[in-house]
Each structure stands twice: as structure tokens, then as C-alpha cells.
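Q: Build the 3D model from these lines:
(one chain, ligands or ions: 1)
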Amino acid sequence: MTATVEELVRSLTLEEKAGLCSGADFWHTKAVERLGIPALKVSDGPHGLRTQKSGSDNPNDSIEAVCYPAGCAAAASFDPALTRRLGEALGREARSVGVGVVLGPAINIKRSPLCGRNFEYYSEDPFLAGELAAGFIQGVQSEGVGACPKHFAANSQETRRMTANSRMDARTLQEIYLPAFEAAVREGDPWTLMCSYNRVNGTYASEHTQLLTEILRDRWGFTGFTMSDWGAVNDRVRGVAAGLDLEMPGSGGVNDAKLVEAVRAGTLDEAVLDKAVTRILNIVLRAADLAARPAVFDKGADHALAVQLAKESGVLVRNLGALPLQEGQNVVYIGAFADAPRYQGGGSSHVNTPAAIGAREAARRLGRQVRYAEGFPADRDQRDEQAFLRAVSLAEEADVAVIFAGLPEVFESEGADRRHMRLPDCQNNLIARVAAVQKNTVVVLHTGAPVECPWAEDVSAVLCMYLAGEGVGEATDALLWGEANPSGRLPETWPLRLEDTPCYLDYPGDGITADYREGVFVGYRWYDARRMPVRWPFGHGMSYTGFVYRNATLDRDTLTEDGSVTLRVKVRNSGAVAGAEVVQLYVSDATGCPVPGGRVPQVLRGFQKVPLAPGQECEVSFTLTARDLRYYNADLQDWYAAPGRYELRLGHSSRDIRITVPLQFVTSRHLPLTVDENTPLGILLADDRTAGPVRRMLEANGQAMANGGGDGLMPPDAMAQMLDAMPLRGLVNFGGPQVAEALPALLETLRRAVQS
Ligand code: BGC
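A: Residues are numbered from 1 along each chain as shown. Model prediction:
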């Protein structure tokens, strides 16, 4: 292709331009043969290719492909290097079948464990989700294929997903629902991005100028093209004007005609359409150029990678000692998931793989002697008395009973939210019965999201495999038998019960509006703020070895607005086997300054996974800037950190902090403050610009006033609160005419002080 994109746009007719802004079919953009513009082929999805077979007219009839751990599992690796490798492999495979853009990663925030699509998403924490997304995107794109982070934005439920209005305040949007996309864009530089179905504060994501243009392009510098989720377009003309470039999968020409009409009628500037076409063509041509590079795709090697990624994603959430299993033990596997594990979710991310085996088959291939009882089926909640009793009796005779449990496919899928957080009763009942007769009971979980585990305290060990992809059987085997050491961490809190979850009262809303009333208190932010007990906390995960932290040091103990500090800590593998630790860094605001909307007790701001041989020690470092201390202040319409003391907490999980290091933040930035006669003294005394004059006024007017009128009749704290609450005008009641006279001048001084 010799013509530039600019020349092509000039040569296109209005109809061709409108046509280029929607798909030719489910998986392709349109070609314009007379100008040599090729079609671009896109394909799901986040954890494996879902590419339609050539010759098939069913968009869901996919070629065989490698199925990697789904987002829920990949996130548990806590390792962007791993999502990067997943992305590289996916990119290679995509190019080998002519796919130019892979529709992933899916990075919506896990607001409720009930979201039917949580299995595809990464985390309840935007920082973790963003770092993992950036790794994935870099990986895919390093192979000459585009990535497509989705679904932008605030798409955290499946109930009425095509119209539901996610309603939230500005801080919540900025602090929780946007940062993963920001990191994906800034660090990953994706070729494309997919908008979500839902509305955000009343406007469809597919026509949301603030999201698609002001934030995405103007603020974050996104240069690729945006596409709609499949069928997410409401008003096509408004969408193009807002910054939605490509409609997928198209509308049989209906919406293209509307674009043409709007340009002709003068309601859509042709230059706006040209921009959309330019952005699409930039990528179409880039993909066509790169498609010429040879594609090396080795299915065998990629299966091995899928196994390895699954091993690194398994989370050992409990272990009193039943794991790892030992050769020579009498082990019984129970539950149909041992043969037919769940390893991916239903819907658009479904990969057609023939290569998944269960842990029982993996054990058989390795010649392990394992007995088996089905106990319960994998696809429904049905108790068979004979199967149940046989499982209990085999468990009783064994040294260890491993129960493979999980959510049947019908419990968890794109398109529908879960109604409860329970495993099927037949599974819960059998686990409880087995645990009653066998102290070495191990539960392996195959779920895409947290489930209630009423038996958790009664079993010896729990290994959460999430939905681990086609390597599930081999990886589970290796982790159970200690050939791999678990190193996954929970990318989300596992609550004790559904009723404890932050949005329990509001999820999924009334079918029209989903009110995000919990605000920024999502996931651990909520459980920590309320100091609630949880089943397993965010960041938790055990190992067959132990890790010791020591010598945490900061290169300077004060941080400024433009500066940075580096925190270093030594971590040692104190056990007898090799393992990997995920060092987590949480920042806590200890300034005591009020935060509108509430203070979040701690926020994840860094994590690093380090493999360590027995006895080996390494140094891990994190560099922080003021940005890591800030919350979004809606009055300021900007990120802000108050001056004062912060804590840098280094830990093994959000609830296993090993070392805390204080950090002083110095800033001359202030929040906007309006002073009038009704401003409480507490606010004025807490602000270094106004504290001096107010204090002087109090001192000049004697004891009664300094006591806030309490006259020593109240406890000191109550008196302090009285003073804190008193408005400026109240001073007149205690200081009389003298104060009344001085008040206008004081007000003037204070106003000037807060303006400068
Ligand atoms: C999903 C997207 C997916 C698309 C194409 C939609 O229903 O929400 O995530 O990429 O279908 O399969």
C-alpha cells in the first residue's frame, strides 16, 4: 500500500467512509477494494482465540485454540510478566490465523462477587488490574497484533447490561472505575479499545464524550481507535461525535446511512467522521503491514505455557498441613471436577480446546496411585445417595481426601449475574461430611469468583484454581503433589457471606439504575474500613515455604509534589523449598485531614513477585511519587494528597503487613476553602493559612472564648469539639462588641489568606 491514510481518506466517498465505521460481519471491518484497503479481522478474547472457522456461517463455530487461564486466574499470578507472556502467545497464535486485533484484556472492576463475568475480569483493585492489563497488551502487541482493553467503563454487572445506568460520584469513577483503563492506555498503548454496553451517569458509554474523548484521548493520550461492544450502539451519530469510531458488528447498513444523512444535513461535521476513519485506517494498515511477518505458532509449546501459567495462578488459601501430598499416601480424589474440571467461563470468551484434562487424568499419566469417587456431578446440584456414601467411606479409609469442587457452568456465565454466592448444596454437604471423617481433607476450587465456604475451618487445605485454562489438570496435579509451589495471591477479597459485600443492598439495582452507593469502598477498601472479618483477604496466598522481610529503608523520609522516594526491603525464603513471594505495598493516609467521601484505610500501590531458592534473599524496591498518595478530590476536580504523615506498609497480603515505614509528605497545595461568618473554627484552625489569625483572635479574647463557651463544665474532648464546631460568628457571643467590631477585618484577612 503506497497511499497514505490522509490520501485514502480524501479518496473515499462519504458512503465508503460511513461504511468503514462499522463491521462487515461479526469479526471483520469492511474492505474497500478499489483503494486496496483490506478488512481487519478481530477475535475474542482475553484468554484464548475464539476465531470463527473459515467456511462456517456460525460466528460461534470456532477453530481449535489454546485456552489460557481466564482473567480471574491470570490475575491471581499477581505478575504482569505472566500476563505479558500470555499476551505474546495469544498474539502469535492470532497472527497465524490472520487475526489483527485480539478483543482483550477484559478489565472491569469486580464490584460484587455476583457479577456473572467476574471470571473474565482481573480484580477488585484498579491498580492490580491496570498493571496486569498493561502486561497483556504489551505482550499481544509485541507480536504485531493489536489488543483491545474492554469494556470502557463501569461495566460491573450483567443484569440488563445493555441499558443499565451505572450511577456514581466523580471520585468513585476516577478512583475505582477508570485507573485500570488509564494504566492500560498509558503503559500498554493499545491499538484499540472497546466501550461498554451500559450507561455511565445517564449517558451510554458508546456516546460518552467525557469518557471517549476528554478522558481517553485528551487526558490519557490514546491514539488508537475505539469500537463498540457488540451491539452497544444507541445513537450512531451521537456516538461518532462523542468519539466512538467503529460500530461492531454493524447494523446491515442502517447506521451507516444515518451517518451519511447526518453529514448531508449538517448535523455531523464531515471532519469528525474523517477523524474516525483516519483512526481506523491507521490501525487497519498497521495490522496489514505486520501480518506479512512470518507467524511462528507452536501449539505444543503453548500448551506447556498454559500449564505453567496455571501453576503460577493457583492460590493456596489454607493449609494446616495436608498439602503437599506425599508419594505412598493413600489418596482419594472425590468429585466429578477431578475428571471434568471447569477451566473457563461461558460466553464470548469461550475457547474451543481439546487439550484440557482433569487432575485425575494428569495423575494417571504420571502413574500416581489415586482412588476416585465421583461423589457429586460437575454440571448440576444433585445428590445421589449411593455416590455420596461411597465417597465418604473411601475418604474415611484414606490418608488424604481431595475434593474437587466448583461452580457448574450454568451457575456462572457472561450475560447473567449470579443470584447467590453458594456452591451447589450437594458439594457443600459432601465436603462437610468428608471433613467430619477425614482430618486431611483438601478442597480444590474451580470457580470464576468467590463462593461461600461454610466448611473452610473444618478442612485442612484449600487450593483455589479459579478457571485455570486447558493446563488445569496438570497444574493442579503439580501444585497438590508439591512439584510446583503455589505462588498465586487472591486478586479479590473472599467474603464470609454475600451479605457482607459492599454493594449488597444495591446490586444489581432496579433494572434501570445501578447506584454505586458504596462509592470508593470496593473490595478490601470496604472490609478494611469496617474492620470486617473476611474468609480470605485481598492479596492472600500461601506457599510450601516461608518468607521473612527485613531492613525496610527509604532513601529519604520526606516526599514533595514533584519528588520521588524509593523504598527498599529485603525478602528471604526461609524454608526448604523454592517458592515465589509477592511483596505487596499498601499506602495509608495517616494525616488525619478529612477526605470528602471518606478515607480509604490503605491502597495497593506496588507489588512484585520474586522467585527465591531456599535460603536466598533479594532486595525489592518500589519508587513512589505524590501520585501514589493522592485521592480524587471532586471539589478540586483533581487528584490531591494532604500534607502530613503517610504509612508505607509492606506485606504478604493486605491483612498480613510485615513492616510499616512512615513517610512525610510536604506540599503547599491546598483544597479550596470559602470563608464566611459561618465557617466552623475547626476548619480554620486546621488550615495553616487561616489558623494563625484565628488563634490570635481567640487568645486576645480570653478564656471563655478559647473554651468555646464550655466554661470547664465539660470533659476536655467535648470542649474541643465545641470549639471545633463553633462558626466564626459565634465568637461574638463570647467576645461581645469588641469581637463584633474586629470580625469584618478578620474575615477579610482570612479571605485574602485562602485566595493567595
Ligand atoms: C462481549 C465482548 C465480546 C464481544 C464479541 C460481547 O457480547 O461483551 O466482550 O468481545 O461480544 O464476542
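Q: Next, count neighbours for the residue in the stretch 1-150 of the chain that the ligand sits nearest to.
A: Per C-beta to the nearest ligand atom, Leu103 is where the stretch 1-150 of the chain lies closest to the ligand, at 4.0 Å. Just so you know, the C-beta spots here come from the backbone N, C-alpha and C atoms, and that holds for glycine as well. If you count neighbours by other C-beta atoms under 10 Å, Leu103 ends up with 28.
Q: for Lys311, same thing?
A: Lys311 is flanked by 25 other residues according to other C-beta under 10 Å.
Q: Beyond whichever strand or helix holds it, next helix or strand please.
A: Applying DSSP states H and E as the criterion places Lys311 in helix 299-313. Counting by DSSP H and E, the element after helix 299-313 in chain order, helix or strand, is strand 315-319.
Q: average pLDDT across the helix or strand following that following strand?
A: Where DSSP H and E defines the elements, the next helix or strand beyond strand 315-319 is strand 331-334. Averaging pLDDT along strand 331-334 yields 98.
Q: quick one: the helices in the stretch 1-150 of the chain?
A: Using DSSP state H, counting those that start in this stretch, the helices of the stretch 1-150 of the chain run over residues 5-11, 14-20, 71-76, 80-96, 126-142.
Q: Buried deepest among these, which one?
A: The highest mean neighbour count among these, using mean count of other C-beta atoms under 10 Å, belongs to helix 71-76: a mean of 32.
Q: now that one: how far from the chain's centre is it?
A: Remark: helix 71-76 is offset 10 Å from the chain centroid, using C-alpha atoms, centre = their mean, to the nearest Å.
Q: List the contacts of that helix.
A: By C-beta atoms under 8 Å, 6 or more residues apart in numbering, the surrounding residues in contact with helix 71-76 are 46-47, 68, 82-83, 86, 105-107, 118-123, 128-129, 132, 136, 309-310, 313-315, 448-449, 464-469, 488-491, 541.
Q: anything in that helix near the ligand?
A: No - taking C-beta under 6 Å from any ligand atom as the criterion, helix 71-76 and the ligand are apart, separated by no less than 11.2 Å.
Q: Alpha carbons only: can I get that helix in CSV?
A: Output in CSV follows, covering the C-alpha atoms of helix 71-76 (Å, rounded to 0.1, in the frame of the first residue of the first chain):
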residue,chain,number,x,y,z
GLY,A,71,-8.7,-13.4,33.8
CYS,A,72,-9.7,-14.4,37.4
ALA,A,73,-6.8,-16.9,37.4
ALA,A,74,-4.2,-14.9,35.5
ALA,A,75,-4.8,-12.1,37.9
ALA,A,76,-4.0,-14.4,40.8
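Q: Now that helix: average pLDDT?
A: 98.
Q: repeat for stretch 22-41
A: What stretch 22-41 shows for mean pLDDT is 97.
Q: ok, that stretch near the ligand or not?
A: No - taking C-beta under 6 Å from any ligand atom as the criterion, stretch 22-41 and the ligand are apart, separated by no less than 7.5 Å.
Q: what do you get for stretch 413-430?
A: No - counting by C-beta under 6 Å from any ligand atom, the ligand has no neighbours in stretch 413-430; the shortest distance is 6.6 Å.
Q: From start to finish, how long is that stretch in a straight line?
A: When the termini of stretch 413-430 are compared using C-alpha to C-alpha, to the nearest Å, they are 25 Å apart.
Q: how about that stretch: buried residues?
A: Within stretch 413-430, the residues that count as buried by 16 or more other C-beta atoms under 10 Å are 413-414, 416-418, 421-424, 426-430.
Q: Looking at those residues, spot the one nearest the ligand.
A: Closest to the ligand, out of all of the buried residues of stretch 413-430 and judged by C-beta to the nearest ligand atom, is Glu414, at 6.6 Å.
Q: What's the separation between the closest residue to that closest one other than its chain neighbours and Val402?
A: Nearest residue to Glu414, sequence neighbours excluded (C-beta to C-beta, 6 or more residues apart in numbering): Gly347, at 2.6 Å. Using C-beta to C-beta, to the nearest Å, Gly347 is found at 30 Å from Val402.
Q: ok, those two, which is more surrounded?
A: Remark: of Gly347 and Val402, Val402 carries more neighbours, 29 against 19, as counted by other C-beta under 10 Å.
Q: Adjacent strands (with direction) for the host helix or strand of the more buried one?
A: Val402 belongs to strand 400-406 when assigned by DSSP H and E. In the sheet, strand 400-406 lines up against strand 331-334 (parallel), strand 441-446 (parallel) (DSSP bridges).
Q: could those be laid out in CSV, adding mean neighbour count?
A: Shown next, in CSV, are these (neighbours: other C-beta atoms under 10 Å):
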stretch, mean neighbour count
strand 331-334, 27
strand 441-446, 27
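Q: Tell me which of these lies nearest to the ligand.
A: strand 441-446 (22.1 Å).
Q: next helix or strand past the closest one?
A: Per DSSP H and E, the helix or strand that comes after strand 441-446 is strand 461-464.
Q: For the next helix-or-strand element following that next one, enumerate the helices and strands it packs against.
A: Next helix or strand after strand 461-464 toward the C-terminus (DSSP H and E): helix 472-480. Helices and strands touching helix 472-480, as assessed by 3 or more C-beta pairs under 8 Å, 6 or more residues apart in numbering; DSSP states H and E, comprise helix 299-313, helix 359-365, strand 441-446, strand 461-464.
Q: List the buried residues of helix 472-480.
A: Applying 16+ other C-beta under 10 Å to helix 472-480 flags Val472, Gly473, Glu474, Ala475, Thr476, Asp477, Ala478, Leu479, Leu480 as buried.
Q: Also stretch 58-69?
A: Buried, per 16+ other C-beta under 10 Å, within stretch 58-69: Ser62, Ile63, Ala65, Val66, Cys67, Tyr68, Pro69.
Q: measure stretch 100-117 end to end?
A: Taking C-alpha to C-alpha as the criterion, the two ends of stretch 100-117 lie 25 Å apart.
Q: Now find how far off-centre that stretch is within its chain.
A: 8 Å.
Q: Please apply the same query to stretch 614-628.
A: 22 Å.
Q: What are the contacting residues of it?
A: 545, 559-578, 583, 585, 587, 605-606, 608, 610, 612, 639, 641, 648, 663, 665, 667.
Q: same check, this time on stretch 158-173
A: 115-117, 153-157, 177, 197-202, 231-232, 414-417, 508-509, 511-516, 519-520, 596-597, 631-634, 637.
Q: Whatever helix or strand Thr566 lives in: which residues count as buried?
A: In this assignment (DSSP H and E), Thr566 forms part of strand 564-573. Buried residues in strand 564-573, counting neighbours by 16+ other C-beta under 10 Å, are found at Val565, Leu567, Arg568, Val569, Val571, Arg572, Asn573.
Q: ok, it: who's next to it in the sheet?
A: By DSSP bridges, strand 564-573 pairs with strand 547-554 (antiparallel), strand 617-625 (antiparallel).
Q: Alright, that wraps it up for me.
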